[in-house]
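Have a look at this fold, sequence not included:
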C-alpha cells in the first residue's frame with residue numbers, strides 16, 4: 001500500500017519590491033489577478049541505498065546520483081481562491097534519507113506566474129501544517145531593512161557589508177559575514193565587521209544575525225577584519241569554517257597590476273577557524289593552519305559531497321611589500337592541508353567543483369598571458385593537475401592581439417557557475433564577465449575590445465571522455481569553448497560585461513546581477529559606479545557541442561532574456577540561489593560616484609520552474625471539492641475525540657504539526 005501524508009496548506013503572498021525596499025505585510029489568499037488554477041507538487045530526492053553488510057563485491061569508485069521523483073500535480077484551486085486553507089491528501093510520504101520539497105504553482109495562460117516552495121517531511125498518516133509564501137515569477141520581491149521581522153516576511157542582513165565572505169552551509173543556509181563596513185571616497189574599511197555575520201535561511205527568507213559576544217576562552221577569539229577574504233567549510237566539522245586572506249582596508253586604485261582594488265597594507269597575516277554556531281573563533285597555529293597563505297583574493301572551491309576544498313592563486317606581498325601573483329595550490333582534505341604549485345600563477349581565476357573531487361580552474365593565468373586558461377584538478381586521478389587542451393570557436397586569443405575582433409578572452413574576476421550536464425554526460429560551466437588577462441597583469445576595464453566587441457559570456461564543455469567513470473583514460477583532456485550568441489541584443493551584451501557581479505544558475509535559468517560595468521580612469525579616486533541591471537536568460541542543452549566536428553558551426557544562442565533593474569545598485573554583493581529557485585541579493589556597494597554607500601537591503605528574484613507543470617494548461621479543469629480534499633470550516637477547528645472523522649486541519653498544538661513559517 002502506498003505511504004501517504006496530508007498537508008493543511010495556507011498561503012501568503014509576498015508583494016513586489018517597492019521604493020525604499022520596505023516590504024508590506026503579506027496578503028492572504030491567491031494573487032488578485034486571474035488564475036486558471038493552482039497545482040501542488042512534492043519533489044522527493046531519494047538517496048542511493050547503502051550497500052548491504054553481506055555484500056562481497058568491491059564498492060564502486062563512482063558516486064551514484066540520487067533519484068528524484070515528482071508527484072503528479074494535485075489541483076487545489078477552489079478553496080484557495082476563496083481565501084481558505086485546504087487539506088491536501090494523497091502525497092507520498094518520505095522514507096529514511098529522503099528530502100522533500102513541496103511547491104505550489106499558480107497557473108495563468110499555461111505557465112506558472114506565482115510560486116512558492118518549502119522543504120517538508122511528509123509522515124505517514126499525519127497532518128502537517130505548512131505556510132508557503134508566493135513570489136511572482138520573473139519579478140523582484142523585497143526583503144526590507146527598515147521594518148522588524150514581525151512586520152515583514154523578509155529580513156535584510158543586520159549590517160552593511162560588501163566584498164564579504166559567502167559560504168554555503170551543509171543545512172542549505174548561507175553564511176554571509178565580515179567584509180567592508182565603511183566606505184569613504186577611494187577607501188573601503190572594515191572596523192568591526194569581522195566580529196559579525198548573518199546566516200541566510202532561504203526557507204524563512206530571513207538573514208539571521210549571529211551572536212556578538214563571542215564564547216571562546218583564553219584569548220582564543222581573534223577575528224581579523226577581512227575585505228575580499230576567503231572562507232571554506234571545515235572538512236571535519238561542517239559547523240565551522242576556515243577563514244583566511246583579505247585585508248582590513250581596500251582602496252580603489254588606477255594602475256594596479258592585479259585589478260582595480262588592492263589592500264591598504266598587507267593581507268591579514270593569519271588564518272582562523274570560525275565556529276559560527278557558537279560565535280567562537282581561534283587562530284590556526286598548527287601546521288595545517290600555517291599552510292594557508294595570507295593572500296589577497298585567492299580562488300577557492302569545495303566539493304560539497306566529499307568535503308574537499310582547494311585554494312589557489314591570488315596575490316601576496318613579500319617582505320618589501322611588493323605584490324606578486326601566486327602559484328600556490330592548497331588542498332584541504334580530511335583535516336589536513338597539502339601544498340602544491342600551479343603550472344602558472346593565477347589572479348582572479350574561478351574554481352568550479354565538478355564532483356568526485358574534480359575541479360575546473362579557469363582564467364586568471366597572468367603567468368601565461370592568457371594562453372593557458374584551463375586546468376583540471378582531479379584528486380582521484382594519477383595526474384591530479386592536468387592542463388586542458390582547448391578547442392574553441394575562433395581559436396585561442398593571441399597575447400596582445402586585437403581585442404575588438406575577439407568573441408572571448410581569458411579573464412580574471414569573472415563569475416563561473418555549473419550548468420546542467422548534457423545528455424551524453426558531458427559537463428558544462430558558464431563564465432560571464434571579467435578583466436582581460438595580459439602579459440603579467442589584468443586589463444582594468446570589463447569593456448574588453450570596446451563597445452562593439454562581443455561580451456565575454458562563454459560555455460566551457462568537458463566532453464564525456466574525461467568525465468567521472470570514463471574508461472577513456474588515454475584520451476588527452478580537452479575543453480570546448482563556445483561563446484553565447486548576443487548579436488542583435490546590445491543591451492544584454494552590455495549587461496554582461498562586468499566584474500564583481502553576481503551569477504546564479506537555477507536549472508537552465510541564469511541570473512546575472514549588479515557589478516561594475518565601467519571602471520576607468522575617470523572613476524578612480526572616488527570609487528566605482530555600481531550597476532542596478534539584472535539580466536536573466538535560459539541556456540538550453542545542446543548534445544552536439546560535445547563532438548569536435550560541431551565545435552564551430554556558429555555561436556550558441558540564448559532564450560527568454562529579461563533585462564530589468566534591482567531596487568539598489570550593487571557590486572561585491574551576495575547572490576545565492578535557494579531550493580525553490582529564488583535568488584537572493586544582499587549587501588554590496590551601492591549609490592553612484594560621489595555618493596557611494598554600502599547597502600543594507602536585500603531582495604529576491606523568483607526564477608521560473610525548471611519543469612513547469614502548468615505548461616499547456618489554458619483553463620481550469622472541471623473539478624469538485626471531493627477531489628480537492630476537505631476545505632477548512634469557517635469555525636475554528638476542534639481537535640480530539642469530538643472533532644469527528646472529517647477534522648482536517650493541524651495547528652501548532654498538534655504534536656505532529658510541522659510549521660514552515
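Now that the structure is in, tell me what you want to look at. No experiment lies behind these values; they were computed from the predicted model shown.

Look at residue 171 and give its secondary structure.
coil (DSSP: H, G, I helix; E, B strand; the rest coil).

Now do the same contact list for it.
Shown in contact with residue 171 (CB atoms under 8 Å, 6 or more residues apart in numbering): no residues. Quick note: C-beta positions are derived from backbone N, CA and C, even for glycine.

same check, this time on residue 462
Residue 462 sits next to 354, 360, 376, 388, 426, 427, 428, 429, 477, 478, 479, 480 when contact means CB under 8 Å, 6+ apart.

tell me which element the residue nearest in space to the middle of the chain falls in.
In the chain, the centroid-proximal residue (CA atoms, centre = their mean) is residue 576; its distance is 3.5 Å. Here residue 576, judged by DSSP states H and E, is contained in strand 574-577.

Report the distance from that strand to the chain centre.
Taking the mean of its C-alpha atoms, strand 574-577 sits 4 Å from the chain's own mean (CA atoms, centre = their mean, to the nearest Å).

next helix or strand past that strand?
Under the assignment DSSP H and E, the closest C-terminal helix or strand after strand 574-577 is strand 582-586.

just checking, what packs against the following helix or strand past that next one?
Downstream of strand 582-586, the next assigned helix or strand under DSSP H and E is strand 589-590. Applying 3 or more CB pairs under 8 Å, 6 or more residues apart in numbering; DSSP states H and E, we find strand 589-590 packed against strand 559-570, strand 597-598.

Quick one, which of those strands gets closest to residue 322.
Proximity to residue 322 (CB to CB) singles out strand 597-598 among the helices and strands packed on strand 589-590, at 30.3 Å.

Strands along the stretch 501-650 of the chain, start to end?
Assigned by DSSP state E, counting those that start in this stretch, the strands in the stretch 501-650 of the chain fall at 502-506, 509-513, 531-538, 556-557, 559-570, 574-577, 582-586, 589-590, 597-598, 602-606.

Mind telling me which of those strands the model trusts least?
Mean pLDDT per stretch puts strand 556-557 lowest among the strands of the stretch 501-650 of the chain, at a mean of 66.

quick one: terminal-to-terminal distance for stretch 181-196?
Chord length of stretch 181-196, first to last residue, is 10 Å (CA to CA, to the nearest Å).

Can you give me the buried ones in that stretch?
For stretch 181-196, the neighbour count (16 or more other CB atoms under 10 Å) marks 181, 183, 186, 188, 189, 190, 193, 194, 195, 196 as buried.

Give the rounded mean pLDDT of stretch 348-361.
The pLDDT scores in stretch 348-361 average 94.

Residues in a beta bridge with residue 462, which ones?
Judged by DSSP bridges, the bridge partners of residue 462 are residue 427.

ok, residue 262 - how many residues close by?
For residue 262, the neighbour count with other CB atoms under 10 Å is 22.

hang on, the earlier thing: strands paired with the strand holding residue 576, and their directions?
Under the rule (DSSP bridges), strand 574-577 has strand 582-586 (antiparallel) as partners.

in the strand it pairs with, what's buried?
So for strand 582-586, counting by 16+ other CB under 10 Å, buried means 582, 583, 584, 585, 586.

Let me have those in TSV, adding distance to residue 605 as columns.
Formatted as TSV, these follow (distance: CB to CB, whole Å):
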residue	distance to residue 605
582	7
583	5
584	8
585	7
586	12
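
Read off the pLDDT value for the nearest residue to residue 384 once chain neighbours are set aside.
Nearest non-adjacent residue to residue 384, counting by CB to CB, 6 or more residues apart in numbering: residue 378, 5.9 Å away. What the model reports as pLDDT for residue 378 is 92.

residues in contact with residue 378?
For residue 378, the contact set (CB under 8 Å, 6+ apart) comprises 357, 358, 359, 384, 386.

do the same with residue 387
Residues near residue 387 by CB under 8 Å, 6+ apart: 343, 372, 374, 375, 376, 477.

Tell me the spacing between residue 411 and residue 283.
From residue 411 across to residue 283, the span is 34 Å (CB to CB, to the nearest Å).

The two - which one has more neighbours?
More crowded of residue 411 and residue 283, by other CB under 10 Å: residue 411, with 29 against 17.

The more buried one is in contact with residue 435, isn't it?
Yes: here residue 411 reaches residue 435: they are 5.7 Å apart, a contact under CB atoms under 8 Å.

Find the residues that touch each one of these two.
By CB under 8 Å, 6+ apart, the residues touching both residue 411 and residue 435 are 348, 442, 448.

report the longest helix in this structure, please.
Counting by DSSP state H, the longest helix found in the chain is helix 490-496.

Show me what counts as buried in it.
Using 16+ other CB under 10 Å as the test for burial, helix 490-496 gives 492, 493, 494, 495, 496.

domain parsing for the protein?
Split into domains by automatic domain parsing, the chain comes to 4-51+59-137+612-643, 140-606.

Quickly, which of these bottoms out on average pLDDT?
domain 4-51+59-137+612-643 (a mean of 65).

residues touching residue 347, list them.
For residue 347, the contact set (CB under 8 Å, 6+ apart) comprises 258, 259, 297, 313, 314, 315, 325, 326, 364, 366, 412, 442.

Who wins on neighbours among those?
When neighbours are counted by other CB under 10 Å, residue 364 leads the contacts of residue 347 with 32 neighbours.

looking at it, it is touching residue 344, isn't it?
No: with contact defined as CB under 8 Å, residue 364 does not count as touching residue 344 (9.4 Å).

would you list every one of the helices in the stretch 51-200 of the chain?
Applying DSSP state H, counting those that start in this stretch to the stretch 51-200 of the chain gives helices spanning 77-81.

OK, contacts around residue 352?
With contact set as CB under 8 Å, 6+ apart, residue 352 has these partners: 301, 359, 360, 362, 416, 417, 418, 429.

can you redo those as TSV with distance to residue 253 and secondary structure?
As requested, the contacts of residue 352 are exported to TSV (distance: CB to CB, whole Å; DSSP: H, G, I helix; E, B strand; the rest coil):
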residue	distance to residue 253	secondary structure
301	28	strand
359	31	strand
360	30	strand
362	25	strand
416	25	strand
417	29	strand
418	33	strand
429	30	strand
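
Setting aside sequence neighbours, what's the nearest residue to residue 124?
Per CB to CB, 6+ apart, closest to residue 124 is residue 93, 4.4 Å.

How about residue 102?
Using CB to CB, 6+ apart, the nearest residue to residue 102 is residue 120, at 4.6 Å.

quick one: that neighbour from residue 606, how far?
19 Å.

Those two: which is more packed in?
Between residue 120 and residue 606, counting by other CB under 10 Å, residue 606 is the more crowded of the two (25 against 21).
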